[in-house]
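okay, sequence plus prediction incoming.
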Amino acid sequence: MAKINMNQRLIGTVIPVGALRSKENSGVGEFLDLPEFGELCKNMGIKLIQLLPVNDTGYQDSPYFALTAFALHPLYLRISELPELKALDSGAAKDFEAKIAAIRGQFEDEKRFPYLKILRAKIGLLREIYSLSSKQIIESAKGNSPFAAWIKANAWVKEYAVFRRLKEINEEKSWKDWTEHKTPVKSEIEALWNDPKLQEVHLFWVWVQEALDRQFSQAAKSLNDMGLILKGDLPILINEDSCDVWAHPEIFNLELSAGAPPDMYDAKGQNWGFPTFNWQAQEKDNFSWWKARLKTAEKYYSAYRIDHVLGFFRIWSSSRNDVSSSSVLGRYIPYASISQKDLEKLGFDKDRIRWMSLPHLSTSEVWEALKADWHGPEEELPHAAGRIFTLALDRIGHEELWLFKDSIKGSKDIEILDIHPKAKEFLEKEWGNRLFLEYEEGNFVSTWFYMDTRAYNSLSVEEKERLSELLIKKQNESEKIWEKEGKKLLSVLVSSSSMMPCAEDLGAVPLCVPKVLGELGIKGLRVVRWFREWDKIGQPYVPFEEYPELTICTPAVHDSSTLREWWDREVDQEHFTSFLGLPSLPRVYNPGTAKVILFKIAGAVSRYRVFQFQDLLHLSNRWYSSDPAEERVNVPGTLSEFNWTWRMPASVENIAKDEDLIKTIYELAGIPATKKKAEKG
């Protein structure tokens, strides 16, 4: 591909492939829609197109729940361009043309694309075409044919094809619920791949992937020839129910689940359900999985987004024994842990350490918790209470204090107890009532809400002061560990690919992160609504002239509201307009409001200013949805057919006719960086 200047100051846009509309696609965007969209962007002065992840997610619609980090999504394949279809006789070809047209007609007028319906329709049609050509395809997988060469060059596809077949015969259940081949060794997967009886089924998935690769490569080359940067999205983590985890469990920590600690938005934190990486195991094989992943992405992209880059420094991890909706009892890995000797030096003996690291429940607390919501006959209350003590707790000697039974390893074990629902709720809450989490024998970390625990509040003032000093010391030690870890891992990524790395560095950012990103030349992300001086009175927005140059500035991301919805329903307009220096902006979002705000953002010092395509469309009143919430890509924490299915309000061809919109965005792209005003002496 032609070399593009990555250091130029530019405007970019973010769009999911599935959101693209054209005359040719089947109700959902396809890879071959990208060149037409690229022409539109070029005419608008846009020089970067950023996509959401495009990997195969099976029947899960979130692009962040991939079945593998390598395979592309069949949803984005243009069936009408398959060579096998064009090789059919005229009668059969017309029959398939009619079927493709029927799919297009069925889904074209949908405001959001129906993910499962379109996926099933396209897979069904692909199977029909494959059945007519399978003998030739099977034959071409042998010898020195281009198809055989492609398989050899993409070795991951063998595991993927075997996994896809097994998942299908197991009714799409997670591999953890299969009765056979749950934990295969490499030779077992090879034997399945080489089984001649299974070859036809396996090669269906290979054939689809080779076609996807060909079409995406063609589209990527077209964009490159236009001088456009195509930027991909590489989620740091991989779905537990994936081919990669199934075939290579040794490079993951399957007993842990990644997420985020509690914050102002979510008191329970986030538990994503993804296994964490076993970096030690990956380092032993020279990070081959990551290098192969980058090599695959490099076929299409000139730049890539490193999702949740903080996870390369330290990742918030919870035990899989705890509930999937909470990560309160998580910990950062790596972390400078507190040893038993550390605690003994502070004057805590073994009994005090147990008091601080294990939840202690009094008899009266258990009774009161059960009585608080008791609606049954009063004479049954003692029996219900007795079940709690029998099934969940062990008494400490003759005291009126109880510990959880050793058989209870996490809140999931509490959930399955045959006890009153109110008692479960109480016990699950108390499970986290500990100052320290002893994640392995003799190693402790403080819990997130340790200051609210019974144990902490039983300490003397002097003990709290000594403990605080120890925690600060461990935090400082951890910062050094995180810096070393992040630099080592990100250096592997930077040195293993010619793509330009960009980082999604949102959240509670350790002090070492911007330092390491700067040293490695990785651009960070600055989301206007969240880039504020949070520790100052009024939490002022950071002025656009103070944005670091080596960053990407954006007003919204795929997990947030659009700029329009934020303005209409979320932001303190008075505060934001004061920051902009434009207190008279209309209170209802319209193209005039959009132009003022977008042009201000475009003046940020950040080298890349990247906007969701929805936000750019708001510069013209022709493309407004009646409800701004309908223009979102995703609403985090919700599961619905709405998420990830946004479509452009019109085809690329029709939007290209909006000359005023094109002219306005072209002007936006030419805005110079806002200069910092000289300070008066």
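That came through fine.

let me see the contact set for residue 379.
For residue 379, the contact set (Cβ atoms under 8 Å, 6 or more residues apart in numbering) is empty. For every residue, glycine as well, the C-beta is placed using N, CA and C.

525 is where my numbering starts, stick with that
Sounds good: first residue 525 from here, last item residue 903.

report the buried residues of stretch 800-814.
800, 801, 802, 803, 806, 811, 813, 814 (16 or more other Cβ atoms under 10 Å).

hmm, I typed the wrong one, I wanted stretch 579-592.
Applying 16+ other Cβ under 10 Å to stretch 579-592 flags 579, 580, 581, 582, 584, 585, 587, 588, 589, 590, 591, 592 as buried.

also stretch 1088-1103?
Buried residues in stretch 1088-1103 (16+ other Cβ under 10 Å): 1088, 1089, 1090, 1091, 1092, 1100, 1101, 1103.

then stretch 945-963?
So stretch 945-963, judged by 16+ other Cβ under 10 Å, has buried residues 946-948, 950-952, 954-963.

which one of those is nearest residue 758?
residue 963 (28.9 Å; Cβ to Cβ).

and that closest one, that's in a strand?
Yes. Counting by DSSP: H, G, I helix; E, B strand; the rest coil, residue 963 is part of a strand.

check contacts around it.
843, 855, 861, 969.

right, and out of the buried residues of stretch 945-963, which lies closest to residue 658?
Comparing the buried residues of stretch 945-963 against residue 658 with Cβ to Cβ places residue 963 closest, at 51.7 Å.

chain neighbours aside, what residue packs nearest to residue 1006?
Leaving aside its chain neighbours, residue 1006 sits nearest to residue 837 (4.2 Å; criterion: Cβ to Cβ, 6 or more residues apart in numbering).

neighbour-wise, which of the contacts of residue 963 leads?
residue 855 (24 neighbours; other Cβ atoms under 10 Å).

what pLDDT does that residue get?
Looking at residue 855, its pLDDT reads 96.

just for the stretch 975-1124 of the chain, where's the confidence low?
Within the stretch 975-1124 of the chain, not a single segment meets pLDDT under 70.

can you pull out the strands in it?
Taking DSSP state E, counting those that start in this stretch as the test, the strands found in the stretch 975-1124 of the chain are 1024-1027, 1048-1051, 1075-1078.

what's the most buried one of those strands?
Among the strands of the stretch 975-1124 of the chain, strand 1075-1078 has the highest mean neighbour count (mean count of other Cβ atoms under 10 Å), at a mean of 24.

dump it to CSV, restricted to CA.
The C-alpha coordinates for strand 1075-1078 follow below in CSV (Å, rounded to 0.1, in the frame of the first residue of the first chain):
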residue,chain,number,x,y,z
THR,A,1075,-3.7,13.1,21.1
ILE,A,1076,-7.0,12.4,19.4
CYS,A,1077,-9.8,14.8,20.4
THR,A,1078,-13.4,13.7,20.1
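
can you name every helix or strand that it contacts?
Contacts defined by 3 or more Cβ pairs under 8 Å, 6 or more residues apart in numbering; DSSP states H and E place strand 1075-1078 against strand 1048-1051, strand 1132-1136.

just to revisit the earlier point, closest one of the buried residues of stretch 1088-1103 to residue 702?
Using Cβ to Cβ, these come closest to residue 702 at residue 1089, 42.5 Å.

for that closest one, which residues are in contact?
Residue 1089 makes contacts with 1152, 1153, 1155, 1156, as judged by Cβ under 8 Å, 6+ apart.

return the residues in contact with the second one.
When the contact criterion is Cβ under 8 Å, 6+ apart, the partners of residue 1153 are 1085, 1089.

pLDDT wise, what is it at?
Residue 1153 carries a pLDDT value of 97.

before we move on, what SS does it have?
helix.

A strand includes residue 618, no?
No. Residue 618 is assigned helix when assessed by three-state DSSP, not a strand.

how long is stretch 1084-1092 from one end to the other?
14 Å (Cα to Cα, to the nearest Å).

please apply the same query to stretch 1109-1128.
Using Cα to Cα, one end of stretch 1109-1128 lies 20 Å from the other.

how far off centre is it?
29 Å (Cα atoms, centre = their mean, to the nearest Å).

now the residue nearest to residue 882 when sequence neighbours are not counted: phi and psi?
With Cβ to Cβ, 6+ apart as the criterion, residue 882 has its nearest non-adjacent residue at 5.6 Å, and that residue is residue 927. With angles defined as degrees, to the nearest 10, residue 927 sits at phi -120, psi 160.

partner residues bridging residue 927?
Per DSSP bridges, the residues bridged to residue 927 are residue 918.

which residues of the stretch 575-724 of the chain fall in helices?
607-610, 614-631, 639-664, 670-677, 680-693, 710-718, 723-749 (DSSP state H, counting those that start in this stretch).

okay, these in a markdown table with mean pLDDT next?
Listed next are those as a markdown table, based on pLDDT from 0 to 100:
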| stretch | mean pLDDT |
| --- | --- |
| helix 607-610 | 90 |
| helix 614-631 | 92 |
| helix 639-664 | 96 |
| helix 670-677 | 96 |
| helix 680-693 | 98 |
| helix 710-718 | 98 |
| helix 723-749 | 98 |
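
before we move on, back to that, ok, the residue nearest to residue 882 touching residue 917?
Yes. Contact criterion Cβ atoms under 8 Å: residue 927 and residue 917 qualify, at 6.7 Å.

neighbour count: those two, which is higher?
Neighbour tally, residue 927 and residue 917, criterion other Cβ under 10 Å: the higher count belongs to residue 917, 20 against 16.

that older thread, farthest pair within the contacts of residue 963?
Farthest pair in those (Cβ to Cβ) is 843 and 861. Separation: 15.4 Å.

tell me where the longest helix sits in the protein.
helix 985-1019 (DSSP state H).
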